[in-house]
Structure formats: structure tokens, C-alpha cells
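S.K.: model this:
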Amino acid sequence: MFDKHTEAECMDIFDCWIYIVKNMNMFEQMPFSEKYPVFRKLAEIGDLRMLSREELELYDEDIKNMRDIYATRKFDEKKGMEIGMAKGMAKGMEKEKLATARRLLSMGLSDEQVSTATELPLEEIQKLKE
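M.R.: As a prediction, the model looks like this:
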């Protein structure tokens with residue numbers, strides 16, 4: 001919903017923050033750092049070149065862990081959706097089979113014919129008749 005595409009369009013510090021967050025991957029230098037000192041500090045914090053070798057290794061490990069967690073979560077969500085959809089479809093198909101069996105029974109078909117047509121067990125058809 002933020003539709004400002006250039007630094008010149010940003011009128012206040014809130015606009016500047018949103019613009020920076022939205023476009024951070026494209027900056028060579030942090031915009032607005034002359035106007036708002038907080039953005040100079042943000043550039044210092046975000047500069048990976050300032051990290052020691054140990055800090056950089058920890059940072060890389062954290063990034064790897066974060067990506068692993070994200071990928072695992074996305075996989076679990078997809079798997080959960082697939083399982084949910086399969087269960088929902090099975091339940092819906094069972095419901096439709098029962099409705100079809102009721103219609104066929106009301107048309108006067110025998111229990112065996114209804115069982116064959118709907119692939120429901122004969123016992124289930126007999127329960128429907130009661």
C-alpha cells in the first residue's frame with residue numbers, strides 16, 4: 001500500500017522508514033542519513049563489513065538456521081494443507097455416497113443394488129433404511 005517510489009516523495013520520517021525497509025536490498029548507501037541521523041546509525045548496524053570474523057560466522061549460522069526454520073515451516077504448512085484437503089475430500093465423498101444411497105433406496109432399488117452402485121457396505125445400506 002506504500003506507493004512512494006523515490007526518495008524525493010518521502011515527506012516525513014515515517015515515509016523514510018517505510019521506503020528504506022521496502023527498498024533496502026537496492027541501496028549502495030543509506031538514504032536520508034544526512035537529514036535523519038538515525039539512518040546513519042542503521043547503516044552502521046547493518047554493515048556486515050564491520051563484523052569480526054567470529055561475529056560474521058555467527059551471523060551466517062543464524063541466517064542458515066533462520067532459512068532452515070522457514071523452509072521447515074513452509075513444508076509443514078504445505079503438508080498440513082494436503083492432509084486437510086484429503087480428509088475433507090474423503091469426508092465429502094462419503095457424505096455424497098450416503099446421499100446417493102438414500103436417493104437410490106427411495107427409487108426402490110434393492111439393498112444389494114444400492115451397495116454395488118455406491119460402493120458402501122451392505123450393513124451401511126441397511127442402517128440407512130431404518
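S.K.: same for the lowest-mean-pLDDT helix or strand in the chain, what does it pack against?
M.R.: Ranked by mean pLDDT, DSSP states H and E, the weakest helix or strand in the chain is helix 37-46, scoring a mean of 82. Contact partners of helix 37-46 among helices and strands, from 3 or more Cβ pairs under 8 Å, 6 or more residues apart in numbering; DSSP states H and E: helix 13-23. C-beta: built from backbone N, CA, C; applies to glycine.
S.K.: elements contacting the helix it packs on?
M.R.: For helix 13-23, the elements it packs on are helix 37-46, judged by 3+ Cβ pairs under 8 Å, 6+ apart.
S.K.: Looking at the following helix or strand past the helix it packs on now, give me its mean pLDDT.
M.R.: For helix 37-46, the succeeding helix or strand toward the C-terminus, using DSSP states H and E, is helix 53-106. Mean pLDDT, helix 53-106: 94.
S.K.: Only the buried residues of the helix or strand just after helix 53-106, if you could.
M.R.: Next helix or strand after helix 53-106 toward the C-terminus (DSSP H and E): helix 111-118. For helix 111-118, a neighbour-count test (16 or more other Cβ atoms under 10 Å) marks 111, 114-115, 118 as buried.
S.K.: Centre of the chain to helix 111-118, how far?
M.R.: 42 Å (Cα atoms, centre = their mean, to the nearest Å).
S.K.: now the angle from it to helix 53-106?
M.R.: In terms of direction (axes from the mean of the first three to the mean of the last three Cα atoms, to 10 degrees), helix 111-118 departs from helix 53-106 by 150 degrees.
S.K.: can you give me the offset of the helix or strand following helix 111-118 from its chain's centre?
M.R.: Next helix or strand after helix 111-118 toward the C-terminus (DSSP H and E): helix 122-129. Computed by Cα atoms, centre = their mean, the chain-centroid distance of helix 122-129 equals 42 Å.
S.K.: Now do the residue lying farthest from the centre of the chain against K129, distance only.
M.R.: Distance from the C-alpha centroid of the chain peaks at G108, with 49.1 Å (Cα atoms, centre = their mean). Here the distance between G108 and K129 works out to 12 Å (Cβ to Cβ, to the nearest Å).
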